[in-house]
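Asks: predicted model follows, preceded by the sequence.
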Amino acid sequence: MNDKSEANGSPRGNFAPSMVINRLVVVLGLVLVLGLGLGLAVAGCGDKPSGGGADAGGDAEVSGDAVVSGDASGVLPDGGATGVSLTVTAQAVDTCGVWEPMHQPELSYQTPTNIKLGILAVELMRSHKDPEPVSLALASPLVEVDASAGGTVLTMDTGAIPAGTYTYIRLKMAHTIYELQATAHGVMTAPGTLEIDMALSNHEDPEGQVRAQGQYVATFSAFGQEYSFSGTTPFNCTLSEWGGIAFTAGTDFVVRVPLPGGPLVVDHGAAAPLTVDLDFPMRDAFAWRDLPDAGFADGVLDISQPPGPVELPDALVECHLLMADRCDGEAVNPIHPTWPMPDSSITFCSDGQQIAPCPAPGEAGYGQDAQYTVNTMDYDIGAEVVTDLVTGLDWQRAVPPSSYDWWEARDYCAELTLDGQGDWRLPSRMELVSLLDFGGLDPTIDLDAFPATPSDFFWTASPVPFLNLAYGVRFELGFIYDHDPHGSGRVRCVRAAYTPPQPRFTYDADTVTDLGTGLVWQRAHLAALTWLDGLDACESLDLAGQTDWRLPTLKELQTLVDDRRLQPSIDVVAFPNTPAEWFWSSTPIQFPPNEAWATSYTDGYASIHAFDELQLVRCVRDE
């Protein structure tokens, strides 16, 4: 593999599988193997944390002290003013606002119940990277909240809070307790309730017991009996598309969300009490893959005696807690293209060693990107707005001169007004990829439509699953990769409605039709081949009575990346047995001239590889 990495904000072509295995296979750390005097052995498993997970950039460790402001002396910031009451509540709801859970076709889901939270600290922040957040006073070092019923986190006088405007709230969580329905299999089948008590931060509970981050106690109850077991697990969450984040900072588990309802204004002369209601949706927050084993039922979380099969979790319930931004926001992040993917204006070919005249049909190397014209790029160019006539997307024409972190980029687009329109947003990964033009270089974009575009990393609104990173595109060469959201990137905003086709794919034994793009795909991939052999294999393919197959362009190959998944980052029902490996595209690069683009279905990255490398192949044809 030829990894074109750079020190800052660079593509990472070499992604260690063990990283995601630890995040997905051990996601909750529960080997749900239970015993109730039913002949079942009991065990727990999980990776023991090695002293903390990934730090979320600019967030310092949250204070657990009951100091009300940055002044530990306790002197009120305005000399002793008395304010009004501020109440912070938390409640788990089924759904809210426009938020809906994104189901994956191969998973089963259920909603956790009887959710309880232990909270160690609460802070107000003037921005998402406030270096001096204001700590709010809690009634006790560890506040217990019944989130399913709705409970109060704190009540205090705003006179003890510096006057000003606050936009974010940050909470350090001690632990969570929730219940799931499960069925244990052993000597007999026992449907019952599984209660999980998960330590989220290092803390001391009210009984004086010291608990370490990631330690859990699981209790299965059925027929009036119960059995408990324990283990440890790491935490790896995904950025919320609405602006929230859950992350580990050392041994703290922290949730930071925009304040629901907009900024909170603390005015010491105001008379009305203030309330912050942290309502957060939990519908179908627990997911797992059903196993086709004897006695296991679809849609039921089944567990059995080792070494028998166990249906492992596929997502962390903990990552959904307190994500109140989902109830308040109206995020739009298209994960499926609903339009044809525009072609590039590429006009050159390669003979495997250097740029050369394009081969004729039937000659070795025929079928390169330049030799098929599909959905030619076409723009309606205005002074401020460019309309893509292929996708229907409206784009901001000029790039703002500043760089932004991910949250700032989102806010910039949300506040933008152009051409009389105010519904601009940060584009999704798939939308931004549609602008790539591999006929250009440094930058890889149509400079007539988008003049003065810098060859920099541009943000997308698409989070990377389980990694607290965000996807982006670097327009120098066209790399597609992820970046720390606290880092720096450029912005180009988009506006468009989004109504995905339902279902997206139809398929039979041999082919898959994408109802969004209109492309027809080979369902089973071919073996690993060199680039020239991959081109020839697709050109000679006779499948489903069709012979007009070709190797897809990089942009077409990117349409199959599913932003909800890792290892593999593709719909595994439509494309079963797809490995988390690199797949060739028909798109070469001008320099170096002996390399071509490929997409990794480990994580959706796009990078360049030498022609003589062996990569997998999946062919495509136009419907």
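Replies: Cool, the structure landed. Everything quoted here is computed from the prediction, not taken from an experiment. Residues are numbered from 1 along each chain as shown.

Asks: count of neighbours near the residue nearest to L477 when sequence neighbours are not counted?
Replies: Counting by CB to CB, 6 or more residues apart in numbering, L477 lies nearest to T444, which is 6.3 Å off, once chain neighbours are set aside. Every C-beta, even on glycine, is put in place using the N, C-alpha and C of the backbone. Burial of T444 is recorded as 23 neighbouring residues (other CB atoms under 10 Å).

Asks: shouldn't T444 be in contact with F438?
Replies: Yes. Taking CB atoms under 8 Å as the definition, T444 is a contact partner of F438 at 5.8 Å.

Asks: which residues are in contact with both of these two?
Replies: G478 (CB atoms under 8 Å, 6 or more residues apart in numbering).

Asks: just to revisit the earlier point, so how far is W584 from the residue nearest to L477?
Replies: Relative to W584, T444 is positioned 19 Å away (CB to CB, to the nearest Å).

Asks: likewise G439?
Replies: Taking CB to CB, one finds G439 at 19 Å from W584.

Asks: now do L393
Replies: For L393, the distance to W584 - CB to CB - is 28 Å.

Asks: the more surrounded of these two?
Replies: W584 (32 against 20).

Asks: can you map out the helices along this protein?
Replies: If DSSP state H is used as the criterion, the helices of the chain fall at 17-24, 325-328, 406-415, 429-433, 531-539, 554-558.

Asks: got TSV for these, with mean neighbour count too?
Replies: Below are these laid out as TSV (neighbours: other CB atoms under 10 Å):
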stretch	mean neighbour count
helix 17-24	16
helix 325-328	23
helix 406-415	21
helix 429-433	25
helix 531-539	23
helix 554-558	26
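
Asks: residues contacting V88?
Replies: V122, L136, T152, V153, L154, T155, I169, T275, V276, L278.

Asks: which of these are buried?
Replies: V122, L136, V153, L154, I169, V276, L278 (16 or more other CB atoms under 10 Å).

Asks: what does the domain assignment say about this protein?
Replies: Each domain of the chain is listed here as a residue range: 31-71+82-328, 370-495, 505-622, per automatic domain parsing.

Asks: among the ones you listed, which is nearest T347?
Replies: Each of the domains of the chain has some distance to T347 by CB to CB; the shortest is domain 370-495, at 5.4 Å.

Asks: and P592, how close does it get to V520?
Replies: According to CB to CB, P592 stands 32 Å off from V520.

Asks: between those two, tell me which one has more neighbours.
Replies: With neighbours defined as other CB under 10 Å, P592 and V520 compare such that V520 has more, 23 against 13.

Asks: surely the more buried one touches V620?
Replies: Yes. Using CB under 8 Å, V520 makes contact with V620 at a distance of 6.8 Å.

Asks: common neighbours of these two, please.
Replies: By CB under 8 Å, 6+ apart, no residue touches both V520 and V620.

Asks: any stretches of the protein with poor pLDDT?
Replies: Along the chain, segments meeting pLDDT under 70 span 1-81, 305-307.

Asks: in it, where's the longest strand?
Replies: When the chain is parsed with DSSP state E, its longest strand is strand 168-185.

Asks: I'd like to know which elements that strand is packed against.
Replies: Applying 3 or more CB pairs under 8 Å, 6 or more residues apart in numbering; DSSP states H and E, we find strand 168-185 packed against strand 113-125, strand 189-199, strand 215-222, strand 252-258, strand 302-304.

Asks: direction included, what does it pair against?
Replies: Looking at strand 168-185 with DSSP bridges, its partner strands are strand 113-125 (antiparallel), strand 189-199 (antiparallel), strand 252-258 (antiparallel), strand 302-304 (parallel).

Asks: possible to save those as JSON lines with distance to L180?
Replies: As requested, the strands paired with strand 168-185 are exported to JSON lines (distance: least, CB to CB, whole Å):
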{"stretch": "strand 113-125", "distance to L180": "8"}
{"stretch": "strand 189-199", "distance to L180": "5"}
{"stretch": "strand 252-258", "distance to L180": "20"}
{"stretch": "strand 302-304", "distance to L180": "11"}
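
Asks: of the ones you listed, flag the one that's most buried.
Replies: Of the strands paired with strand 168-185, the one with the most neighbours on average (mean count of other CB atoms under 10 Å) is strand 252-258, at a mean of 26.
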